[in-house]
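*Asks:* no sequence on this one, just coordinates:
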């Protein structure tokens, strides 16, 4: 079943994003999609209004934060007193107006700002298989994040996911058994999906995995230990940096 | 120009006279009705315009528990949740001059600011790479676009845009420049005002007029 015909984050995911509940990698991929999608921005705005009204709902106050009254060891008057001695910002810090370009193999593309910012840590492109290259980004210690470039005519091995894989198409398009995906499309795949992405025209994607891929067919199965290793490596890098 | 909203006559007097210092050690004390009548927005603007400590105390009284609850939910750590009160309320104080009614409700403004500080605090605590911060993930102007022309998906947008283009010529040059910056180059208000070298307030009012005119030409109902 194609569960994401709309190619947008689900309301549940958008809500977790708004509430700040997602790890950095997932937050970045949702944010990058929103930069490309006005309808999700509008939807997020509505969800945010709901989140704010439940946040200020006095009945929720009592159930979650009874500890504050009991805390006698924090001197809130002193906290306020120290805060009001600090300087205020007098002007809007203006973000630099820069069009960020990233050279990706054969082409150049303007990335969503949040991805351009993240990519400043440096991209190290590695050829994987069948015309596919990847460059990892380290954003948190729970996910493996990477740019994926599929050359025109390339095909990935059939695989499923132990956890979920969230993919944002940035340029070009790719296809699998369930459909065709174009720039700004947001695709979530989990353990139910066996799929084999292929790209006729070539594409650049950003993907966030919350556990390693598992290849299910042919010789590619031998890559499974490698995938586990890669995932662990991504996590351990995050832990030490 | 960010302060224009607070310049209505009598505003600062109202806050200055009726807000009393609320003691934080005595949270059982209830505010008298006059105090609680003042909107969060007016308190925040008073803090931004006059460094009004009493108004800040009011905001602290109203929001510190909420911020603590948010911190508990996201960090499950009492110490961090307490630190969040400090971080977030410090940020409220520092950024209050940047708040205006165009940024939406004060509650929403304080919520997003608290969420962002919590996100950065957690990242720091987990020693995650600092290449992206909360303000990159939730950029200040994202979605805060009440003047959006169309909400449809890509298909709808293309059709509408081709229509709208034909109305473009009817805008004045300065109006067209602003609409181009925001809707075609997808810049934030701040970026566009820097790019066009006009004050942010001017940009916003120009954009509002231009969008109203376009809506009128297209025949979109508010």
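*Replies:* That came in fine, so what should we check first? These figures come from a predicted structure and were not determined experimentally.

*Asks:* If I look at residue 99, what pLDDT would I see?
*Replies:* This is for chain A. As summarised for this prediction, residue A:99 has a pLDDT of 51.

*Asks:* hmm, I had chain B in mind actually
*Replies:* 91.

*Asks:* Number of residues surrounding it?
*Replies:* 24 (other CB atoms under 10 Å in any protein chain shown). C-beta coordinates here come from the backbone N, C-alpha and C atoms, glycine included.

*Asks:* Report the buried residues of stretch A:194-211.
*Replies:* A:195, A:197-199, A:202-211 (16 or more other CB atoms under 10 Å in any protein chain shown).

*Asks:* how about the residues you listed, which pair is most distant?
*Replies:* Pairwise distances across the buried residues of stretch A:194-211 (CB to CB) peak at 27.4 Å, for the pair A:202 and A:211.

*Asks:* Mind checking which of the buried residues of stretch A:194-211 are in strands?
*Replies:* A:198-199, A:203-209 (DSSP state E).

*Asks:* now, which of these sits nearest residue A:37?
*Replies:* residue A:206 (14.2 Å).

*Asks:* residues contacting the closest one?
*Replies:* Going by CB atoms under 8 Å, 6 or more residues apart in numbering or on different chains, residue A:206 touches A:29, A:32, A:115, A:145-148, A:167-168, A:170.

*Asks:* Among those, which one is most surrounded by other residues?
*Replies:* Neighbour-wise, these (other CB under 10 Å) top out at residue A:29, 29 neighbours.

*Asks:* so who does that residue touch?
*Replies:* Per CB under 8 Å, 6+ apart, neighbours of residue A:29: A:145, A:166, A:168, A:186, A:206-208.

*Asks:* how about the helices in the chain?
*Replies:* You didn't pick a chain, so chain A it is. A:11-18, A:24-36, A:38-55, A:58-64, A:67-70, A:76-83, A:113-119, A:224-240 (DSSP state H).

*Asks:* actually it's chain B I care about, not the one you picked
*Replies:* Under the criterion DSSP H, helices of chain B are mapped to B:11-18, B:33-37, B:40-50, B:53-75, B:78-95, B:106-125, B:134-137, B:154-168, B:173-179, B:189-196, B:200-218.

*Asks:* Of all these, which one is nearest residue A:25?
*Replies:* Nearest of the helices of chain B (CB to CB): helix B:134-137, 10.7 Å.

*Asks:* Mean confidence (pLDDT) on the closest one, please.
*Replies:* In this model, helix B:134-137 has a mean pLDDT of 93.

*Asks:* next one: stretch A:138-154
*Replies:* For stretch A:138-154, mean pLDDT rounds to 90.

*Asks:* Residue B:133 - how many residues pack around it?
*Replies:* Neighbours of residue B:133 under the rule other CB under 10 Å: 16.

*Asks:* Phi first, then psi, for it.
*Replies:* phi -110, psi 170 (degrees, to the nearest 10).

*Asks:* Got the confidence number for the closest residue to chain B within chain A?
*Replies:* Distance from chain B to each residue of chain A (CB to the nearest CB) is smallest for residue A:76, at 3.6 Å. Note on residue A:76: pLDDT of 89.

*Asks:* what's the spacing between it and residue B:71?
*Replies:* Using CB to CB, to the nearest Å, we find residue A:76 at a distance of 14 Å from residue B:71.

*Asks:* tell me the domain boundaries of chain B?
*Replies:* Chain B is divided into the following domains under automatic domain parsing: B:4-137, B:154-218.

*Asks:* now the last one: how far from the chain's centre is it?
*Replies:* Relative to the centre of its chain, domain B:154-218 is centred 21 Å away, using CA atoms, centre = their mean, to the nearest Å.

*Asks:* do that domain and chain A meet?
*Replies:* Yes: counting by CB under 8 Å from any CB of the partner chain, chain A has neighbours in domain B:154-218: B:154, B:157, B:186-188, B:190-191, B:193-195, B:200.

*Asks:* thinking again about what came up before, among the contacts of residue A:206, which one sits closest to residue A:156?
*Replies:* Closest approach between those and residue A:156, by CB to CB: residue A:148, at 8.7 Å.

*Asks:* Chain neighbours aside, what residue packs nearest to the closest one?
*Replies:* residue A:205 (4.7 Å; CB to CB, 6 or more residues apart in numbering or on different chains).

*Asks:* cool, and residue A:127?
*Replies:* That would be residue A:133: by CB to CB, 6+ apart, it lies 5.2 Å from residue A:127.

*Asks:* wait, the one you found sits on residue A:124?
*Replies:* No: counting by CB atoms under 8 Å, residue A:124 is not a contact partner of residue A:133; they are 10.3 Å apart.

*Asks:* Name whatever forms a beta bridge with residue A:209.
*Replies:* residue A:144, residue A:165 (DSSP bridges).

*Asks:* Good, wrapping up.
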